[in-house]
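In: my questions are about this predicted structure, shown below with the sequence.
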Amino acid sequence: MSETAERIALTCPACSPGVEVVHELIKPGGQATVRCTDCQHVHKTTLPSTETRSVTVIVSQDGDSTKTTVEAPIDEALAVGEEFIVDTEEAILTVRITSLEVGTEERAESAPVPEIETIWSRVVDNVRTDVTLHPDDGRHDTTRSIEMYVPGDYEFTVGEEGKAGEDQFVVTGLQVRADARGYGFEKLDHEGDMAFAKDIKRVYAHEQSSPTTAWSGW
């Protein structure tokens, strides 16, 4: 992609129909021609409204926060749980809205862009997942916590194996975050229940001493 090319966040019909990713603007117009920078798919689309306002965004990741701004269309509304792309000094990141500040110490689940003072968000590209490990001998006094760093769309499934470094385990439960959508329950503990890492507050698991070939967190 050219260093001087205009970049814009759009959904890609080929690789990301549900979440906006960075595109290169090839040809502007009513039906603009754009190229997805993830999969290089070229397609035509109607660009978002050009009338925007600058909104402060607080981006949180692993306990650290950074401040940036985003140009948001004034004729749209935002809501907790929605994801969008921000360009920070460190990287271009996909974030999820965790709270909207619409006044002094006043928060809202959703609000029109003109009313929003600050967007609070967290990074969902790559995430830290906290795992509570119960020992395979059943002793609760040796329960411990570990951390896994995985892609946000990595799947944890109840009943399936996992591995983090030297630790091997079987998932027994998933605690879903309040800003996650589409799960129906805060706690998933039935065989086959699945959640994406970016939606998980905590994984519960039993240690496993036998070898496994499960995917390992990095």
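Out: Sure thing, it's come through.
In: using the centroid of the protein, identify the residue furthest from it.
Out: Ranked by distance from the centre of the chain (Cα atoms, centre = their mean), the top residue is residue 137, with 35.2 Å.
In: which element is that residue on?
Out: Taking DSSP states H and E as the criterion, residue 137 maps to no regular element, lying outside all helices and strands.
In: give me the pLDDT value at it.
Out: At residue 137, the model reports a pLDDT of 70.
In: quick one, what contacts the residue most central in space within the chain?
Out: Note on the chain: the residue nearest the mean C-alpha position is residue 124, at 2.4 Å, using Cα atoms, centre = their mean. For residue 124, the contact set (Cβ atoms under 8 Å, 6 or more residues apart in numbering) comprises 83, 94-96, 152, 198. To be clear about C-beta, it is placed using only N, CA and C from the backbone, and glycine gets the same treatment.
In: how about those residues in a markdown table, adding pLDDT and distance to residue 192?
Out: Output for the contacts of residue 124, formatted as a markdown table (pLDDT from 0 to 100; distance: Cβ to Cβ, whole Å):
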| residue | pLDDT | distance to residue 192 |
| --- | --- | --- |
| 83 | 93 | 26 |
| 94 | 92 | 27 |
| 95 | 95 | 30 |
| 96 | 96 | 25 |
| 152 | 94 | 21 |
| 198 | 96 | 20 |
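In: name the member of the residues you listed with the most neighbours.
Out: residue 95 (25 neighbours; other Cβ atoms under 10 Å).
In: got the domain ranges for this structure?
Out: Residue ranges for the domains of the chain, per automatic domain parsing: 7-45, 52-123, 126-217.
In: show me which residues of the shortest one are buried.
Out: What it means is domain 7-45. 8-10, 12, 16, 19-24, 32, 34-37, 43 (16 or more other Cβ atoms under 10 Å).
In: how long is that domain from one end to the other?
Out: End-to-end distance for domain 7-45: 14 Å, by Cα to Cα, to the nearest Å.
In: with adjacent residues omitted, what lies nearest to residue 155?
Out: residue 194 (5.4 Å; Cβ to Cβ, 6 or more residues apart in numbering).
In: what do you get for residue 15?
Out: residue 39 (4.1 Å).
In: what's the weakest-modelled helix or strand in the chain?
Out: Within the chain, no helix or strand scores below strand 216-217, which has a mean of 53 by mean pLDDT, DSSP states H and E.
In: so where is the protein shaky, pLDDT-wise?
Out: 1-5, 49-50, 138-141, 210-218 (pLDDT under 70).
In: the same query, at a cut-off of 50, please.
Out: Counting by pLDDT under 50, the chain has low-confidence residues at 1-3, 212-213, 218.
In: hmm, back to that, is the residue nearest to residue 155 bridged to anything, and to what?
Out: On the basis of DSSP bridges, residue 194 is bridged to residue 157.
In: count of residues packed around it?
Out: For residue 194, using other Cβ under 10 Å, the count is 15.
In: picking up where we left off before, can you tell me which residues contact the residue farthest from the centre of the chain?
Out: So residue 137 contacts nothing (Cβ under 8 Å, 6+ apart).
In: host element of the residue nearest to residue 17 when sequence neighbours are not counted?
Out: Nearest residue to residue 17, sequence neighbours excluded (Cβ to Cβ, 6+ apart): residue 11, at 5.6 Å. Using DSSP H and E, residue 11 falls within strand 7-12.
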